[in-house]
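[1] Return atomic coordinates for the entry below.
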Amino acid sequence: MVDRRPYRLPWRGVFATFALLCAFAGAQAFAQPAKQPLATTAATPAAQRTVLVMGDSLSAAYGLSAAQGWVALTAQKVAKEKPGWRVVNASISGETTAGGAARIAAELKRQKPSVVVIELGANDGLRGLPLAQTRANLAKMIVAAKAANAKVLLIGMRLPPNYGPDYTKQFEQLFLELSQQHRTAFLPFLLQPIAMDDRAFQADRLHPVASAQPKLRDHVWPALVPLLK
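    Okay, here's the model as predicted:
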């Protein structure tokens, strides 16, 4: 039986400790009702094209004001460097891939995006859900987005080793495989640039602080900007 007790280490410098952040992002949602998706991060004329972000608490700026999160900062950068575009943040703290798959059709109809950024899976891993279920839900989102003529950026996740080497390896791999299968843009791990830095996280050791959000924006930007054409 896989040991799924909370994984914490008292010392710094171990990458697996902060890989756990990805799995635990949005975990606070177990103790409180899920929030509604954030409002559009940049109000813009209807003629402009839309980037739709569907994620969990890492994209919903948990513990911060919405304006401090990496998605809002990306919207500011888009407004400056790609004025023909806007960014809409439909992320919800605690969201699973099942939640995203259930919401994708309505969001596509409402926002009519040209690009969809999918940052989901962390809470699936936290709950130890079957990998086939996570894969199927993400595939449903990707297929729906592409059927709506939207390009897709898939952001991968990682888990700590106490979930077992087979599960953690296969969990990480499924994102790459989905990206390859469906020919999407791909970013392996959102927290990569800050994962080793204790100071980059809030007191819960789970969610990035405001000062770390620009690093996340800059990490995502090279994968996103080629889609803004």
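[2] need the contact list for the spatially most central residue of the chain.
    The centre of the chain sits closest to Glu119, judged by CA atoms, centre = their mean, with a distance of 2.3 Å. Counting by CB atoms under 8 Å, 6 or more residues apart in numbering, Glu119 touches 53-56, 58-59, 91, 155, 190. (Glycine included, C-beta is placed from N, CA and C.)
[3] The same query, at a cut-off of 7 Å, please.
    53, 55-56, 58-59, 155, 190 (CB atoms under 7 Å, 6 or more residues apart in numbering).
[4] after whichever strand in the chain runs longest, next one along is what?
    If you go by DSSP state E, the chain has its longest strand at strand 49-55. Sequence-wise, the next helix or strand downstream of strand 49-55 (DSSP states H and E) is helix 70-81.
[5] With just CA atoms, put that following helix into PDB.
    C-alpha atoms of helix 70-81 as PDB (Å, rounded to 0.1, in the frame of the first residue of the first chain):
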ATOM      1  CA  TRP A  70       1.300  35.200 -12.300                       C
ATOM      2  CA  VAL A  71      -1.800  35.100 -14.600                       C
ATOM      3  CA  ALA A  72      -2.600  38.700 -13.900                       C
ATOM      4  CA  LEU A  73       1.000  39.600 -14.400                       C
ATOM      5  CA  THR A  74       0.900  37.700 -17.700                       C
ATOM      6  CA  ALA A  75      -2.200  39.700 -18.700                       C
ATOM      7  CA  GLN A  76      -0.300  42.900 -18.100                       C
ATOM      8  CA  LYS A  77       2.600  41.700 -20.200                       C
ATOM      9  CA  VAL A  78       0.300  40.600 -22.900                       C
ATOM     10  CA  ALA A  79      -1.500  44.000 -22.900                       C
ATOM     11  CA  LYS A  80       1.900  45.700 -23.400                       C
ATOM     12  CA  GLU A  81       3.600  43.300 -25.800                       C
END
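[6] Let me see the mean pLDDT of that helix.
    Averaged across helix 70-81, pLDDT comes to 98.
[7] Which residues does it contact?
    Residues contacting helix 70-81 (CB under 7 Å, 6+ apart): 41-42, 51, 53, 59, 61, 66, 85, 87, 89, 91, 213-214, 216-217, 220-221.
[8] Would you map the helices across the chain?
    With DSSP state H, the ranges of helices along the chain come out as 15-24, 70-81, 97-111, 122-126, 131-147, 165-182, 213-224.
[9] ok so, going back, weed out the non-buried ones from the contacts of Glu119.
    Neighbour-count burial (16 or more other CB atoms under 10 Å) applied to those gives 53, 55-56, 58-59, 155, 190.
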